[in-house]
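Asker: Coordinates for the following, if possible.
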Amino acid sequence: MVKEERVELGKLTREDARKRFKKFPLVILPIGSCEQHGPHLPLDTDAHDAHYVAVEAARRMKSPKPLVLPVLPYGVSLHHLSFSGTVSLTPQTLISVIFELAESVKNHGVKALVVVNGHGGNTPSLVAAGQMIKHKLEMEFYLYEGWGGGGKLFGVPDDAHAGAFETSTTLAIRAELVNKSAIPKPVKPSFPIPQTAFSAEDRVPFAWKTEELSKTGVLGDATKIDIEKAQTFWKRTIDNLVAVLEELRKHLLRA
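Answerer: Presented below is the predicted three-dimensional model:
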């Protein structure tokens, strides 16, 4: 019987980890958040989803498979702090954490860090951390965010948080954690000006607090559930990450 090649770093011994880093000097870091997702979805939605995609992609790769670091369950969620259960880092703290994690794995011979991000609020900090990692550590840094366009996929352009997209994708893989009886009626977000709408053609990004846009904490229509589209999304997102990782394997072996 062939022994399964584990992909989660935390489940290996130090000697196993040493050998794996040598075979494939790339690691994957899933990151999400611990924040409100309306009255019906779990607080760990973003963290779970990033970990799920990272681990599934690593498992589907040929040997030697890349290692997945333990998920970072906190992110920049300042905009959700008025809702119970939200735990946030500041952007400065997240930048430091990502940089120091990269510094740690570089010490073990890792040449590339791939961050799988499940929370949009983390993106600016991750981009900044990536620049520091590249220029100060001389490590390669890649940011995978396969969640873009979810609202369009479900036909709800302004579906940005805990709406049709996240409700459907959670039901597809963790239905037992969705409180369907608590799904709120759709509320149109109260954007300050038309150009700040998530679906605006020439969108102007702006700083916002969730409660100013939606009293329910939901940005979108969580009633438009579509499990089939959610399953298509998960397959596409994982397949795309596998393709990226296989190309990075070739790239690192050529270097």
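Asker: Please work out the average pLDDT along stretch 237-248.
Answerer: Averaged across stretch 237-248, pLDDT comes to 97.
Asker: For that stretch, buried residues please.
Answerer: Buried residues in stretch 237-248, defined by neighbour count with 16 or more other Cβ atoms under 10 Å: 237, 238, 241, 242, 245, 248. Just so you know, the C-beta spots here come from the backbone N, C-alpha and C atoms, and that holds for glycine as well.
Asker: Just the element for the second one, please.
Answerer: Per DSSP states H and E, residue 238 falls inside helix 227-254.
Asker: Switch the buried residues of stretch 237-248 over to a markdown table, and while doing so, append distance to residue 72 to every line.
Answerer: A markdown table is the format used below for the buried residues of stretch 237-248 (distance: Cβ to Cβ, whole Å):
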| residue | distance to residue 72 |
| --- | --- |
| 237 | 19 |
| 238 | 19 |
| 241 | 17 |
| 242 | 21 |
| 245 | 19 |
| 248 | 20 |
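Asker: Can you list the helices and strands that the helix holding residue 238 packs against?
Answerer: The elements that helix 227-254 packs onto, with contact taken as 3 or more Cβ pairs under 8 Å, 6 or more residues apart in numbering; DSSP states H and E, are strand 26-31, helix 45-59, strand 112-117, strand 140-144, helix 150-153, helix 164-174.
Asker: And these, which one averages the lowest pLDDT?
Answerer: helix 150-153 (a mean of 72).
Asker: before we move on, back to that, kindly reformat the helices and strands packed on helix 227-254 as a markdown table containing mean neighbour count and distance to residue 9.
Answerer: Shown next, in a markdown table, are the helices and strands packed on helix 227-254 (neighbours: other Cβ atoms under 10 Å; distance: least, Cβ to Cβ, whole Å):
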| stretch | mean neighbour count | distance to residue 9 |
| --- | --- | --- |
| strand 26-31 | 25 | 7 |
| helix 45-59 | 24 | 10 |
| strand 112-117 | 26 | 13 |
| strand 140-144 | 18 | 18 |
| helix 150-153 | 19 | 29 |
| helix 164-174 | 23 | 22 |
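Asker: Just put those in JSON lines and tack on distance to residue 82.
Answerer: JSON lines is the format used below for those (distance: least, Cβ to Cβ, whole Å):
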{"stretch": "strand 26-31", "distance to residue 82": "23"}
{"stretch": "helix 45-59", "distance to residue 82": "18"}
{"stretch": "strand 112-117", "distance to residue 82": "23"}
{"stretch": "strand 140-144", "distance to residue 82": "28"}
{"stretch": "helix 150-153", "distance to residue 82": "23"}
{"stretch": "helix 164-174", "distance to residue 82": "19"}
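Asker: To residue 195, which of these lies closest?
Answerer: With Cβ to Cβ as the criterion, residue 195 lies closest to helix 150-153 of the helices and strands packed on helix 227-254, at 17.4 Å.
Asker: Run through who's touching the closest one.
Answerer: With contact meaning Cβ atoms under 8 Å, 6 or more residues apart in numbering, helix 150-153 is reached by 157-160, 163-166, 169, 198-199, 220, 229, 233.
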